[in-house]
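Engineer: mind folding the following:
(chains A and B)
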Amino acid sequence: MLSIKNLHASVEGKEILKGINLEIKPGEVHAIMGPNGSGKSTLSQVLAGNEAYEVTSGEIQFNGKDLFELETEERAREGIFLAFQYPVEIPGVSNLQFLRTAVNAMRKHRGEPEMNAAEFMKTAREVSKQVDLNPEFLKRGVNEGFSGGEKKRNEVMQALLLEPKLAILDETDSGLDIDALKVAADGVNALRSEDRAILMVTHYQRLLNYIVPDHVHVLAGGRIIKSGGRELALELEEKGYGWLGIKDDDAQVAG
Amino acid sequence: MKPAPTLSSAFLTPGSQSLPQPLLDLRSQRGTALADMPLPTRKTENWKYSSRHLKLSDELATALPVKGKSGPALAVPGYHVVFHNGVMVPEASDYPDVDGITIQRFADLDDSLASELAERLDNTLDAKAAQLARLNSARFEDGLYIRLAPEAVLDQPLFVISETDACSSGSAYPRIYVDAGRHSQITLVEEYISLGDEPVLVNAVTEFTLADGAQVTSVRLSAEGENVQHLGATGVRQQAHSRFDSHCVGFGGPMRRHDLQVRLEQSGANCRLNGVVVTQGKQHYDNHTVIEHVAPHCDSEETYRNIAADQSHAVFNGRIHIHQDAQKSNANMSNKNLLLSTGAEIDTKPELEIYADDVKCAHGATIGQLDKQSIFYLVSRGVDRREANTLLTMAFINELVQQIPVESVRETTQVRLNQFIEQTFEEA
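Structural biologist: A predicted model of the protein is given here:
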């Protein structure tokens, strides 16, 4: 589904990714772990197509298409979804309006009829309950005045509504208390299916207790320096990143 | 040195509509006073950014012909009065005959009402600050007179549709005078529209006087065609505990200007002034507002937003004048601006003049662009880029549009603004 070869990317002239290689197949759940500044978020942003990041070399194929040929919105319509580490607040655009516009853009792309306001309201209410968000929040501005946990759950809710092929979760666990983390994890687990892949980017292994990955990769200094199975995350928790010869700014690894 | 340009005498010849004698007399007095009036230049402070857009060529001086009928039928909900080239069209109008509420065209006023009106016209507008409003008084050919007796309440909004026929070159001078008695209530919706593509000038003046406890809601939409210069002025005088609630929405044009002057003359009077302006192409729009806090314990709340695209130009000049006796005044002014292209220009100038020492007075002005992170967030969800831009631009003004208290106007305004903004991003 996703094939990344020798990806180099920089931001404001500074090279962050220095040769990433990664293969993800449908149905798989991958976790990318690494200390702060290792390039985890850069990788997510590059996959989603943020223009602030410049790809200097390498290639990415997504379901047989050259990802760099696609604009951000086209990538989304082809099935790439990024749950933001820091979801943007947009006062003046209601969540409901935003979500319906997005869902209908996807439906249009797939040749399905658009949903009217009433149909969409029904769907949105159901999904909002799934992530334990009060449906009242649909009327508020996008992420406006949401707590950190509500923002993250709103991201998961969007993933459920948009039904992507590849869901990239950038630090979806950060800032969540344990109850909120469980709710978010339940939402993500509900996304798991044979034809959908999930890429989790996280600093801590805590999330992986709730969403069990098939593959774990350690990203450091802009490269994947070690890959393994679920056990690699547990090993990291026990030994810290220092075990792999990496300096972690946070010192504390396994939260 | 080149002599300062003056108003061409061609502008001082009114059309031939019949009016009661006192109003004809007033008109000719005003005309005489305007002879050789210097036109605003770049050096005229309150015309600094707009004088170059003002084109008062002689061909615009001609009064537009009065056909006595309106163009295509206008579907207006509720009470409405239609003006065509500044002259009322009774057949197209529909408003109630209610005890305590007088709604009459100037042409139909009896001599005593007409002479009373002639005494009062122009009293709400400062001649210097709204210079060209006096031209309306020298030229109007009809007008709408509304008087509410004490405690009279008009149960539905009254729409005043001012349609200008731009099928030939010339000018029109719509005029409205509203006298709201003690504790009376009215909602007036002024809508300025046009037909045709010839260059025309619309010089519109509306005045409101609010007696104790009167509540007036004013909605003003300036949405004429591409070649219409619009010079508008609204003057308001408020007595004790009266409330004036204003919602102005302006679409850009070759020259668009609105002067809004409010005088809070007795304790407890308060006003809210909201304004939204959108400009694109090479359009221009200039809002000049003045709030005079004359008496103590008055509140004013002003919020204006401008959005300028392409090479267009928007101006906001907001003056708050707190007089020496106006202790405990509460004045709040906010002007936020959104530039949609590097070629657009917005000039904003808050002017505060405060002579009382126990007042609360706050003002803020910002100029910004659409946030790139917000655009990325929206398009990363599959939303079309143009739609994302439109959503974010509408978000900038939604709060004000939502406050328009007449549902049908709120909805059509939203649709019109949305179309205008979508068009902006289409051409980009």
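
Engineer: in the stretch 101-250 of chain A, where is pLDDT below threshold?
Structural biologist: A:247-250 (pLDDT under 70).

Engineer: point out the residues in it that sit beside chain B.
Structural biologist: A:T101, A:A102, A:A105, A:M106, A:H109, A:G141, A:Q158, A:L162 (CB under 8 Å from any CB of the partner chain). Every C-beta, even on glycine, is put in place using the N, C-alpha and C of the backbone.

Engineer: and the two most separated of these?
Structural biologist: Pairwise distances across these (CB to CB) peak at 25.9 Å, for the pair A:H109 and A:G141.

Engineer: any chance of the residues of the stretch 101-250 of chain A next to chain B in a markdown table, with secondary structure too?
Structural biologist: Compiled in a markdown table, these are given as follows (DSSP: H, G, I helix; E, B strand; the rest coil):
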| residue | secondary structure |
| --- | --- |
| A:T101 | helix |
| A:A102 | helix |
| A:A105 | helix |
| A:M106 | helix |
| A:H109 | helix |
| A:G141 | strand |
| A:Q158 | helix |
| A:L162 | helix |
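
Engineer: now do the closest residue to chain B within the stretch 51-200 of chain A against B:T393, distance only.
Structural biologist: Per CB to the nearest CB, A:G92 is where the stretch 51-200 of chain A lies closest to chain B, at 2.8 Å. A:G92 sits 9 Å away from B:T393, going by CB to CB, to the nearest Å.

Engineer: if you count neighbours, what's buried in stretch B:31-44?
Structural biologist: Buried positions in stretch B:31-44, judged by neighbour count with 16 or more other CB atoms under 10 Å in any protein chain shown: B:G31, B:L34, B:M37, B:L39, B:P40.

Engineer: quick revisit: just the buried residues out of the residues of the stretch 101-250 of chain A next to chain B, in PyMOL syntax.
Structural biologist: Buried members of these can be picked out in PyMOL with the line below, counting by 16+ other CB under 10 Å:
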select buried, chain A and resi 101+102+105+106+141+158+162
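
Engineer: nearest to B:R27, of the residues of the stretch 101-250 of chain A next to chain B?
Structural biologist: Closest approach to B:R27 among these (CB to CB): A:G141, at 51.2 Å.

Engineer: wait, that closest one sits on A:N95?
Structural biologist: Yes - the criterion here is CB atoms under 8 Å, and A:G141 meets it with A:N95 at 7.2 Å.

Engineer: any idea how far B:Q131 is from the residue found closest to B:A61 once you drop the neighbours it is linked to in the chain?
Structural biologist: Leaving aside its chain neighbours, B:A61 sits nearest to B:A10 (3.7 Å; criterion: CB to CB, 6 or more residues apart in numbering or on different chains). For B:A10, the distance to B:Q131 equals 18 Å [CB to CB].

Engineer: compare those two (neighbour count), which wins?
Structural biologist: Taking other CB atoms under 10 Å in any protein chain shown, B:A10 and B:Q131 do not tie; B:Q131 has more neighbours (22 against 13).

Engineer: roughly how far does the closest residue to that one other than its chain neighbours sit from B:H258?
Structural biologist: In space, and not counting its chain neighbours, B:Q131 is closest to B:P40: 6.5 Å by CB to CB, 6+ apart. The spacing between B:P40 and B:H258, counted by CB to CB, is 15 Å.

Engineer: and the helices in chain A?
Structural biologist: Under the criterion DSSP state H, chain A contains helices at A:40-48, A:72-78, A:95-109, A:117-130, A:148-162, A:178-191, A:230-239.

Engineer: what of the stretch 51-200 of chain B?
Structural biologist: Using DSSP state H, counting those that start in this stretch, the helices of the stretch 51-200 of chain B run over B:111-120, B:133-139.

Engineer: neighbours around A:L99, how many?
Structural biologist: Count around A:L99 with other CB under 10 Å applied: 23.
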